[in-house]
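# Give me coordinates for this.
(one chain, ligands or ions: 3)
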Amino acid sequence: MNRAGQIRVEGTVQGVGFRPFVYRLAHQHRLTGWTRNDTRGVDIFIQGAEKDTAAFLEELKSTAPPLARITRLISDEVAPDSTITDFQILESACGEAPMVDIARDTSICFQCLEEMNNPADRRFGHPFINCTNCGPRYTIIQKLPYDRPGTTMADFEMCAACRKEYEDPSTRRFHAQPVSCPDCGPQLSLGEGLDDPLETTIAALRAGKIVAVKGLGGFHLCCCADNEEAVQQLRCRKGREARPFALMVRDAKTASQFAEVSPKEAELLESIERPIVVVQALEKKRCAPSVAPGVNTLGIMLPYTPLHALLFSRGGFDALVMTSGNVSGLPLCKDNNEAMGLLKGMADVFLLHDRAIQTRLDDSIVRVLGGEPVLLRRARGYVPAPLPAPFDVDGLVALGGIMKSTVCVGRGQTAYVSQYIGTLENIETLEHMEATLNHLMEVLGVDPMTYVLDRHPGGFQNYLLPKGGLNEPVRIQHHHAHAAACLAENEVREPTLCFVFDGLGLGDDGTLWGGEILMSDLCGSRRLGHLELLDLPGGDAATRYPGRIAYAALSGLVSNADLNRVLYWLSSNDRKPLPNQPRTSSIGRLFDAVSALLNVCHEQTYEGQAAMELEAIVDPNVTGHYEVEPVKEDGLWLLPGKALLIQIFQALENGEERSAIAAKFHRTLARWIAAVARQESATRVGLSGGCFQNRLLFEWTRSALEEQGVEVLVHRRLSPGDECISYGQLITAGARRANRKNKEMNACV
Ligand SMILES: [Zn+2]
Ligand SMILES: [Zn+2]
Ligand SMILES: [Zn+2]
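Ligands and ions are numbered 1, 2, ... in the order given. This next block holds a predicted model:
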């Protein structure tokens with residue numbers, strides 16, 4: 001007996017080989033009908049014997065292609081259509097607003113890699129090889145539905161052989177939009193117009209030169225990782241004193257010659273997202289010392305484009321430095337001319353190609369904390385995967401914070417957080433944010449109704465607000481946004497005790513917050529306490545020279561002679577009168593002060609340097625802590641930062657090992673959190689803020705809480721740093737809007 005069904009599939013189902021999979025499955029079960037993409041996902045009509053249609057439905061869910069992610073599947077029984085006698089893939093249906101999720105960029109797959117390395121294959125050595133299971137997606141998409149004319153591959157006309165594969169549902173390249181071959185695809189070139197770009201690049205790298213390489217989401221600056229002179233040259237030309245460079249390493253096995261790579265970390269290295277994985281460097285570093293000075297970690301990634309794979313296989317390299325191709329503080333270069341102009345003084349050679357990059361995407365950075373991956377930077381490979389919203393967030397557009405900014409766009413009950421954009425301190429980054437936002441709204445088909453911003457009135461983002469015609473913008477406090485993001489990621493709506501340990505952010509009372517104890521739900525937060533205020537002598541100068549914070553905190557509490565002896569590195573230059581003296585409760589600044597006090601870092605040349613270098617000297621086997629406990633004053637918890645600094649100072653005077661002091665400092669903070677949670681009778685605690693990128697603080701806090709039976713909520717899909725702010729802003733605005741609607745409805749009843 002014949003049955004017929006109409007099936008709609010939503011989620012990440014376009015550009016991931018879903019329709020050919022449907023086609024093969026239908027044939028396998030002797031079904032007739034059709035399938036097509038539309039702006040909401042994939043539509044399927046099938047008819048055949050009852051057991052065959054049932055088996056089809058079952059396997060549609062259980063055996064979907066690797067890159068597909070089904071969020072919704074609806075199937076209805078309909079009348080059979082006797083005029084349909086075969087199974088076909090129909091043209092995409094356009095018209096209504098796009099509702100489909102956009103696929104992410106993924107690393108080259110094993111089959112494409114084999115073909116590229118096979119001299120008998122027609123794509124032998126083709127640096128732009130891809131198939132429906134791999135290759136560029138978000139970086140080349142200009143509009144939906146995801147078809148070739150909507151990508152930056154539109155200008156490349158397929159040759160007959162490629163078109164045949166593209167149109168044949170039985171091949172791996174059926175409707176693989178970026179499909180190409182050496183005859184019809186993009187080509188490599190050199191800035192200088194020399195022949196044989198790949199060989200010239202390899203020769204230049206071997207000779208210690210610096211090469212700008214155009215990648216998937218932008219340019220890298222690249223040099224040999226074992227050539228100290230080349231690495232120093234790169235630091236000098238980039239004006240980057242100490243911030244670690246990432247390495248690209250031949251394969252996971254080679255990575256283990258540079259670092260301790262756990263099975264979980266190897267899995268991440270080899271995942272289709274191919275992030276930079278922050279791993280523990282081996283004691284005796286195999287790479288040049290200037291790659292990652294002052295820290296005991298390395299950021300390692302594996303080759304992810306066919307071009308990277310060719311560079312390594314032809315060049316025989318084990319490891320290359322691959323750092324963002326940008327001018328310090330400006331966005332990553334993505335266009336050939338832009339790179340040739342801005343990176344002119346940095347690169348000796350430019351390895352270019354003519355496939356345009358639509359969306360600028362940095363490499364993502366992941367670190368395994370407590371056995372699970374935590375994103376430190378979310379970009380290539382991870383965006384634009386959607387995040388959940390527990391209520392309607394349609395038309396809300398959140399513009400994030402100032403540092404490590406992202407934007408977030410709401411559609412229905414789903415939030416789309418952009419890639420890491422950067423710190424909004426110049427017009428170029430603001431333009432990058434604007435382009436990212438407009439593109440995201442365009443491909444999602446979202447018309448903005450309400451903008452959501454940081455409460456800080458001086459935000460750069462104000463320039464992005466349209467003039468008139470829309471709802472009044474909503475402003476959300478920074479640390480509440482952290483807490484809301486953490487709760488929403490974990491799908492928790494109940495009021496929860498949250499610790500936001502962070503850098504500086506403007507608080508409700510106009511002072512600089514950053515070590516906050518909050519009782520938060522998705523609508524708002526109540527401050528239960530904070531770190532004792534620290535002076536910031538000279539404002540920003542105190543962040544750059546953290547010895548100032550230690551000096552200000554301890555002067556008057558210990559003898560000046562002792563203080564001068566310990567803080568001997570405070571140069572005369574740095575003791576000029578300090579007029580501007582804001583105060584802060586930021587835990588990040590407490591880390592800085594301890595780092596300076598222990599003679600670890602006196603000048604920060606990049607954000608988080610003092611804390612990262614402090615973490616690097618910790619002896620994790622030291623289990624002690626300092627005997628200072630949080631106190632409650634006038635109903636507010638106070639985390640006694642100054643008393644802690646005094647104990648650290650005395651430990652130093654007593655000749656205690658710095659590695660032990662640093663360990664006890666981290667353990668004391670973890671104990672503070674556990675103590676407050678215990679006295680507040682919390683059964684569940686949320687952790688957010690940049691300080692929780694610190695592995696020891698993260699792991700020791702979590703185990704201290706779990707030992708007392710507390711459930712710990714942490715960020716899993718976004719960074720605990722300020723990249724999560726836009727999501728928290730959007731969720732909060734959505735929660736308040738939903739509350740208002742509920743009240744209005746109740747009033748009507
Ligand atoms: Zn492939
Ligand atoms: Zn071709
Ligand atoms: Zn923050």
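# Quick one: end-to-end distance for stretch 523-540.
The straight-line separation of the ends of stretch 523-540 (CA to CA, to the nearest Å) is 32 Å.
# Measure how buried G345 is and give me the count.
Neighbour count for G345, taken as other CB atoms under 10 Å: 8. For every residue, glycine as well, the C-beta is placed using N, CA and C.
# Would you check how far apart it and Q679 are?
Going from G345 to Q679 by CB to CB, to the nearest Å gives 57 Å.
# Same question for Y727.
From Y727 to Q679 the distance is 30 Å (CB to CB).
# just Q6 next, same as before
Separation of Q6 from Q679 (CB to CB): 58 Å.
# between those two, who's got more neighbours?
Ranked by neighbour count (other CB under 10 Å), Q6 and Q679 place Q6 first, with 15 against 12.
# Secondary structure element holding the more buried one?
strand 2-12 (DSSP states H and E).
# Would you give the sheet partners of that strand, along with the direction of each?
Strand 2-12 sits in its sheet next to strand 41-49 (antiparallel), strand 69-78 (antiparallel), going by DSSP bridges.
# neighbouring contacts of that strand?
Residues outside strand 2-12 that contact it (CB atoms under 8 Å, 6 or more residues apart in numbering) are 18, 33, 40-50, 53, 57, 60, 67-81, 99-104, 385.
# Now, of those residues, which are buried?
18, 33, 40-48, 53, 57, 60, 67-70, 73, 75, 80, 99-104, 385 (16 or more other CB atoms under 10 Å).
# got the contact list for the closest residue to D535 other than its chain neighbours?
Of all residues not flanking D535 in the chain, A552 sits nearest, at 4.0 Å (CB to CB, 6 or more residues apart in numbering). Contacts for A552 (CB under 8 Å, 6+ apart) come out as 534-537, 542, 581.
# In a markdown table, list the residues you listed along with neighbour count and pLDDT.
Shown next, in a markdown table, are these (neighbours: other CB atoms under 10 Å; pLDDT from 0 to 100):
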| residue | neighbour count | pLDDT |
| --- | --- | --- |
| L534 | 27 | 94 |
| D535 | 18 | 91 |
| L536 | 25 | 91 |
| P537 | 24 | 87 |
| A542 | 26 | 88 |
| Q581 | 13 | 82 |
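# For the chain, which residues score under the pLDDT cut-off?
Counting by pLDDT under 70, the chain shows low-confidence ranges at 1, 93-100, 193, 457-459, 468-469, 568-580, 747-749.
# Figure out the helix or strand that the residue of the stretch 351-500 of the chain found nearest ligand 2 lives in.
Relative to ligand 2, the nearest point of the stretch 351-500 of the chain is R355 (13.6 Å; CB to the ion). Using DSSP H and E, no element contains R355; it sits outside every helix and strand.
# okay but it is in contact with G135, surely?
No - applying CB atoms under 8 Å as the test, R355 and G135 come out as separate, 10.7 Å apart.
# shared neighbours, those two?
P178.
# hmm, back to that, indicate which one of the strands paired with strand 2-12 is closest to ligand 1.
The minimum distance between ligand 1 and those falls on strand 69-78, with 18.1 Å, by CB to the ion.
# Next up, the contacts around the residue of the stretch 351-500 of the chain closest to ligand 2.
128, 136, 140, 152-153, 156, 178, 185-186.
# let's see 7 Å
The neighbourhood of R355, defined by CB atoms under 7 Å, 6 or more residues apart in numbering, consists of 128, 152-153, 186.
# neighbours around the residue nearest to A204 when sequence neighbours are not counted, how many?
Take A204 and drop its neighbours on the chain: the residue closest to it by CB to CB, 6+ apart is V349, 4.5 Å away. By the criterion of other CB under 10 Å, V349 has 21 neighbours.
# follow-up on the earlier one: what's the spacing between the residue of the stretch 351-500 of the chain closest to ligand 2 and E338?
Look at R355 and E338: by CB to CB, they are 15 Å apart.
# Go ahead and name everything in contact with the host helix or strand of F350.
Using DSSP H and E, F350 sits in strand 349-353. Strand 349-353 is contacted by residues 186-191, 197, 200-201, 204, 209, 211-214, 336, 339-340 when judged by CB under 7 Å, 6+ apart.
# Could you count how many residues lie near the residue of the stretch 451-600 of the chain found nearest ligand 1?
Using CB to the ion, E489 is the residue of the stretch 451-600 of the chain that sits closest to ligand 1, at 31.3 Å. Other residues within reach of E489, judged by other CB under 10 Å, total 22.
# and what of L636?
12.
# which ones are touching it?
Residues in contact with L636 (CB under 7 Å, 6+ apart) are 528-529.
# Quick check: phi and psi on it?
Note on L636: its backbone torsions stand at phi -110, psi 130 [degrees, to the nearest 10].
# and the lengthiest helix in the chain, which residues are buried?
Ranked by residue count under DSSP state H, the longest helix found in the chain is helix 725-748. Residues of helix 725-748 classed as buried by neighbour count (16+ other CB under 10 Å): 725-738.
# same question, stretch 655-672
For stretch 655-672, a neighbour-count test (16+ other CB under 10 Å) marks 658, 660-672 as buried.
# Roughly how far does the spatially most central residue of the chain sit from C408?
Geometric centre of the chain, nearest residue: R378, 0.9 Å, by CA atoms, centre = their mean. Distance from R378 to C408, counting by CB to CB: 12 Å.
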